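Trainee: After the sequence you'll find the predicted model.
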Protein chains: 2
Amino acid sequence: MSGKPVVRMAELEIDPDTIETYRALLTEEIEASVALEDGVISLNAVAIKDHPNKIRILEVYADRQAYEAHLQTPHFLKYKTETSGMVTSLTLIDVDPIVMRAKP
Amino acid sequence: MSGKPVVRMAELEIDPDTIETYRALLTEEIEASVALEDGVISLNAVAIKDHPNKIRILEVYADRQAYEAHLQTPHFLKYKTETSGMVTSLTLIDVDPIVMRAKP
């Protein structure tokens, strides 16, 4: 890996009728990405309390190349295709890391 | 630790004139919290690209007790006191984790 990390927040709204299926597909995709891709550092997905269809994801990739590679993986493409009818709003926010710390 | 994790997003706006000092205080606080507190799982702080004074922090604590303890630590109290005049807006958003994965 080279270059600087790519960090992004995604804000999504999901059709409430599909939220359980959406959550299952998102979970599968995130678990596969972090397990299988060296360049996927972390993916943290949460739902706003009392608004389970409002999702936020903090995404950290090792660098731009790792991010571009992620977009071509079978697990990402499956997620993107199968959830396309469930996502009613998607906002991507590029961010710069300030300090990111987690227990080892 | 017992109970379920406490996960929260903080959205802050910082007086632009104080942003460098704010970032240093935030970095010191986050590093100390994750290093010294068993119950602080992760703290990830980012700035929105091209808006360096708009900060978002994803906070993960082991449980409610860990979160309450965190609020009483010297490093948190120092951060809170010294940054109080720098924070022009603070929005706390309680969230529920869906799936959170990171490289070990």
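Mentor: The structure has been received and is ready for your questions.
Trainee: Low-confidence regions, chain A specifically.
Mentor: For chain A, the stretches with pLDDT under 70 are A:1-2.
Trainee: where does it come near chain B, residue by residue?
Mentor: Applying C-beta under 8 Å from any C-beta of the partner chain, we find that chain A lies next to chain B at A:7, A:9, A:23, A:26-27, A:30-31, A:33-35, A:40-49, A:52, A:55-56, A:58, A:60, A:93-104. C-beta coordinates here come from the backbone N, C-alpha and C atoms, glycine included.
Trainee: out of those residues, which are buried?
Mentor: A:7, A:9, A:23, A:26, A:30, A:33-34, A:40-48, A:55-56, A:58, A:60, A:93, A:95, A:98-102 (16 or more other C-beta atoms under 10 Å in any protein chain shown).
Trainee: which helix in chain A runs the most residues?
Mentor: Scanning chain A for the longest helix, with DSSP state H as the assignment, gives helix A:19-36.
Trainee: mind listing the strands in chain A by residue range?
Mentor: A:6-14, A:40-48, A:51-61, A:87-102 (DSSP state E).
Trainee: Measure how far the second one is from the centre of its chain, please.
Mentor: The reference is to strand A:40-48. Chain-centre distance of strand A:40-48: 6 Å, with C-alpha atoms, centre = their mean, to the nearest Å.
Trainee: Tell me the strands beside that strand, with direction?
Mentor: Note on strand A:40-48: by DSSP bridges, its sheet partners are strand A:51-61 (antiparallel), strand B:87-102 (antiparallel).
Trainee: and the angle for the last one with strand B:6-14?
Mentor: Right, the one you point to is strand B:87-102. Interaxial angle, strand B:87-102 versus strand B:6-14 (axes from the mean of the first three to the mean of the last three C-alpha atoms, to 10 degrees): 140 degrees.
Trainee: and the angle for strand B:87-102 with helix A:19-36?
Mentor: Using the same axes, to 10 degrees: strand B:87-102 against helix A:19-36 is 70 degrees.
Trainee: The first one too?
Mentor: Counting by the same axes, to 10 degrees, strand A:51-61 points 10 degrees away from the direction of helix A:19-36.
Trainee: what sits up against strand A:51-61?
Mentor: Residues outside strand A:51-61 that contact it (C-beta atoms under 8 Å, 6 or more residues apart in numbering or on different chains): A:5-16, A:19, A:26, A:39-48, A:67, A:70, A:97, A:100, B:9, B:44, B:46, B:58, B:95-96, B:98, B:102.
Trainee: Identify the residue nearest residue A:23 in space, chain neighbours excluded?
Mentor: In space, and not counting its chain neighbours, residue A:23 is closest to residue B:98: 5.8 Å by C-beta to C-beta, 6 or more residues apart in numbering or on different chains.
Trainee: Surely the one you found touches residue A:26?
Mentor: Yes. The criterion here is C-beta atoms under 8 Å, and residue B:98 meets it with residue A:26 at 6.5 Å.
Trainee: what is in contact with the two at once?
Mentor: With C-beta under 8 Å, 6+ apart, residue B:98 and residue A:26 have common neighbours A:45, A:55.
Trainee: Kind regards, and thank you for your time.
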